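Chemist: Model the following, please.
(chains A, B and C)
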Amino acid sequence: MASFCILVTHSPFDTQRAYSAYRFADAAINGGHTLAGIFFYQSGVNNSNNFQTPHADELNMYQKWKTLNDLHLVPLNVCVTAANRRGIINKEDAIERDLVHYNLTAPFEEVGLGELIELINGSDRTIQF
Amino acid sequence: MEYFIEFKNRKIATDKLGYLLDVQDWKPEMAPLLAQSENIEMDENRWEVVNFVREFYLEYNTSPAIRALVKAMAQKFGPDKGNSRYLHRLFPKGPAKQATKIAGLPKPAKCL
Amino acid sequence: MSALTIINRSAPYGSADGLEALDLCLAAASFGQQVNFIFLDDGIFQLLSNQAPNEIEHKNYSKTFAALEFYDVEYIYVCEESLAARNLSTKDLCIEVTLLNKQEIVAMLNTNAVVTF
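Modeler: Predicted structure coming up:
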């Protein structure tokens, strides 16, 4: 049995990569492996945007990640700098910049890149999607 | 909201936390004012660090994180000044954070 | 703790890849992580000297490569074949690098984690 760090660097809708990451995560857990955490970097941070409103009959990646966290408590870490650059921001940072709205909420969490280094070193393998 | 500091009857734009928005706006005489907002009084040793951090930024287009600041200071001024205890004594809330603000540099990236 | 290998394959400015690879490199090094910073294919354009992206209102982060020594990033590798294929040599680059051929780069991939940009 192995532990994995999953790095997602692409947005949820435009390519299949985020979904592939989710499928891998789900399969790893079902196979008895552990997930140290999922880290969203570059355009991958768009996965954490809770303003995503796809049509009801289409894939909803936001819900997929949320369910993964609900069922298995997998940490969903989002690089704060990459997120803020792309208009994804939590309440605390929105207040700091006098913004009215925020779109990054639990179970997603704003963290620094140091958290990725810890995940990488705390798992057997890192897989980038 | 617009944020600024008053300097010689001019408004110098800052972010909410008091970091200058434009590096070019900075003048050395502004440093004591920026230092005051951090409850720091400028002296010779602090000037040395503030000038060093500003030169570092102008040369490398990035503010040094503490690890890099320590190493670069050590290279130029020797181990007595290139160590993090010394730098924290001068800037108790973090040299990377406070010295950059006083030097008129942008707020360092959160994740670095 | 084994090394983290960061691979640059994209030219600068046309995408955010180079800037965010550099951010990861600086963050990792700040945490004391050993980094192999590799440039191949169009990624070697990141390292060209005399870049002037101010013309396109872009921050010139290529100046930051020279600061990597202060972050203890000592392993900076460039793919020999990629350089030759673009009619470039190490003289065209803004920092000192170690040249590797493709086989040597493949050997580098046997580290704890590889992140590609």
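Chemist: how about the helices of chain C, start to end?
Modeler: C:17-30, C:80-85, C:102-108 (DSSP state H).
Chemist: Return the list of helices and strands in contact with the first one.
Modeler: For helix C:17-30, the helices and strands in contact under the criterion 3 or more C-beta pairs under 8 Å, 6 or more residues apart in numbering or on different chains; DSSP states H and E are helix A:80-85, helix A:113-121, helix B:66-77, strand C:4-8, strand C:35-39. All C-beta atoms are positioned from the backbone trio N, CA, C, and that covers glycine.
Chemist: How many residues are close by residue B:51?
Modeler: Close neighbours of residue B:51, defined as other C-beta atoms under 10 Å in any protein chain shown, add up to 14.
Chemist: go on, residue C:114?
Modeler: 18.
Chemist: Pretty sure it sits against residue C:3.
Modeler: No. Between residue C:114 and residue C:3 there is no contact under C-beta atoms under 8 Å: 9.7 Å.
Chemist: mind checking which of the helices and strands packed on helix C:17-30 is nearest residue C:18?
Modeler: Of all these, the one in closest proximity to residue C:18, counting by C-beta to C-beta, is strand C:4-8 (6.1 Å).
Chemist: same question for the closest one, mean pLDDT?
Modeler: In this model, strand C:4-8 has an average pLDDT of 97.
Chemist: Now do that strand against helix C:17-30, angle only.
Modeler: On the basis of axes from the mean of the first three to the mean of the last three C-alpha atoms, to 10 degrees, strand C:4-8 is oriented at 160 degrees to helix C:17-30.
Chemist: Get me the contact residues on chain A for chain B.
Modeler: A:79-82, A:84, A:96-98, A:111-114 (C-beta under 8 Å from any C-beta of the partner chain).
Chemist: can you rerun that using 10 Å?
Modeler: Neighbours of chain B within chain A, by C-beta under 10 Å from any C-beta of the partner chain: A:41, A:79-85, A:93, A:95-98, A:110-116.
Chemist: Any of these buried? List them.
Modeler: The neighbour count (16 or more other C-beta atoms under 10 Å in any protein chain shown) marks A:41, A:79-84, A:93, A:110-113, A:115-116 as buried among the residues of chain A next to chain B.
Chemist: Next, give me the two most distant ones among those.
Modeler: Spatially, the most separated pair among these is A:93 and A:116, at 18.7 Å (C-beta to C-beta).
Chemist: still on that earlier bit, switch the helices and strands packed on helix C:17-30 over to TSV; also include distance to residue C:83.
Modeler: Below are these laid out as TSV (distance: least, C-beta to C-beta, whole Å):
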stretch	distance to residue C:83
helix A:80-85	29
helix A:113-121	29
helix B:66-77	28
strand C:4-8	13
strand C:35-39	9
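Chemist: Please name whichever of the ones you listed is nearest to residue A:25.
Modeler: Among the helices and strands packed on helix C:17-30, helix A:113-121 comes nearest to residue A:25, with 13.1 Å by C-beta to C-beta.
Chemist: That closest one vs chain C: in contact?
Modeler: Yes. With C-beta under 10 Å from any C-beta as the criterion, chain C is reached by helix A:113-121 at A:113-121.
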